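> predicted model and sequence follow; I will ask about them next.
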Amino acid sequence: MKTILVPTDFTNTSLDIIEQIATTFDDKLVILLFHALDMPSSLVDAMINNSAAGHHSFVTEELRQRCRRLKIAHNNITNVSFKFMYGTTSRVFENFAAAHKIDLIVIPEGYYFSYVIRESVNPMPMFSRSRIPVIEHLLNTKVKTISLVAYETDPEIISLSEKALNY
């Protein structure tokens with residue numbers, strides 16, 4: 001089973017990548033639609049904003065329904081869920097990724113960060129500093145298994161094993 005993290009801005013188009021992920025990978029998949037938020041700067045901000053309740057309102061019933069339809073349409077998708085992370089540091093992201101057992105980050109083609117609210121945080125710097133493999137453009141070929149190797153000398157270099165591709 002692979003757990004794949006995908007950044008989202010809660011628009012319907014941000015879910016388009018799920019179809020491509022499901023048809024690209026043969027593995028059983030857990031897809032986490034991810035949005036990072038800055039921590040409140042004071043106790044007053046935390047009490048006024050009541051962030052836990054308010055931020056979940058971005059996940060509309062239309063988005064939930066579309067996720068359900070995608071899960072039904074693709075047998076290899078075991079779960080699609082929305083996850084919020086509160087924090088801006090690489091360490092916070094690493095802890096989040098470890099807790100959710102993230103195997104891979106997939107960035108939708110043409111993705112650009114947009115603020116959903118004032119507290120929204122661009123996750124790209126955290127992604128680039130993490131040791132989790134990042135794929136910015138999915139391959140058009142079917143992948144049976146994926147073997148990713150990050151070189152210690154240059155964490156930016158990620159190599160896909162030739163055996164991973166089904167030619």
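Sure, I can see it.
> state the helix or strand in which E62 lies.
Under the criterion of DSSP states H and E, E62 resides in helix 61-73.
> can you list contacts of that helix?
The contact list for helix 61-73, computed with CB atoms under 8 Å, 6 or more residues apart in numbering, reads 10, 12, 15, 18-19, 22, 33, 77-82. (Glycine included, C-beta is placed from N, CA and C.)
> repeat that with 10 Å
8, 10-12, 14-16, 18-19, 21-22, 29, 31, 33, 59-60, 77-82 (CB atoms under 10 Å, 6 or more residues apart in numbering).
> cool, stretch 89-105 as well?
In contact with stretch 89-105 (CB under 10 Å, 6+ apart) are residues 1-7, 21, 25, 27, 29-30, 32, 34, 36, 39, 81, 83-87, 121, 123-136, 146, 148.
> mind giving me the PyMOL command for buried ones among these?
This is the PyMOL syntax for the buried subset of the contacts of stretch 89-105, where burial follows 16 or more other CB atoms under 10 Å:
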select buried, resi 2+3+4+5+6+7+21+25+27+29+30+32+34+36+84+85+86+87+121+123+124+126+127+130+132+133+134+135+146
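> from the contacts of stretch 89-105, which ones fall inside helices?
The helices, defined by DSSP state H, take in I21, M124, P125, M126, F127, S128, R129 from the contacts of stretch 89-105.
> looking at those residues, which is nearest Y111?
Nearest to Y111 among these, counting by CB to CB, is M124 at 8.5 Å.
> wait, the closest one touches F113, no?
Yes: if you go by CB atoms under 10 Å, M124 and F113 touch, sitting 6.4 Å apart.
> any shared contact partners between the two?
Residues touching both M124 and F113 (CB under 10 Å, 6+ apart) are P7, A36.
> CA atoms only: put the helix holding E62 into PDB for me.
Listed next in PDB are the C-alpha coordinates belonging to helix 61-73 (Å, rounded to 0.1, in the frame of the first residue of the first chain):
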ATOM      1  CA  GLU A  61     -20.000  18.400   0.200                       C
ATOM      2  CA  GLU A  62     -19.300  18.600  -3.600                       C
ATOM      3  CA  LEU A  63     -15.600  17.700  -2.900                       C
ATOM      4  CA  ARG A  64     -16.600  14.900  -0.600                       C
ATOM      5  CA  GLN A  65     -18.900  13.400  -3.200                       C
ATOM      6  CA  ARG A  66     -16.300  13.600  -5.900                       C
ATOM      7  CA  CYS A  67     -13.800  11.800  -3.600                       C
ATOM      8  CA  ARG A  68     -16.400   9.100  -3.000                       C
ATOM      9  CA  ARG A  69     -17.000   8.700  -6.700                       C
ATOM     10  CA  LEU A  70     -13.300   8.400  -7.500                       C
ATOM     11  CA  LYS A  71     -12.900   5.800  -4.800                       C
ATOM     12  CA  ILE A  72     -15.700   3.800  -6.200                       C
ATOM     13  CA  ALA A  73     -14.400   4.100  -9.800                       C
END
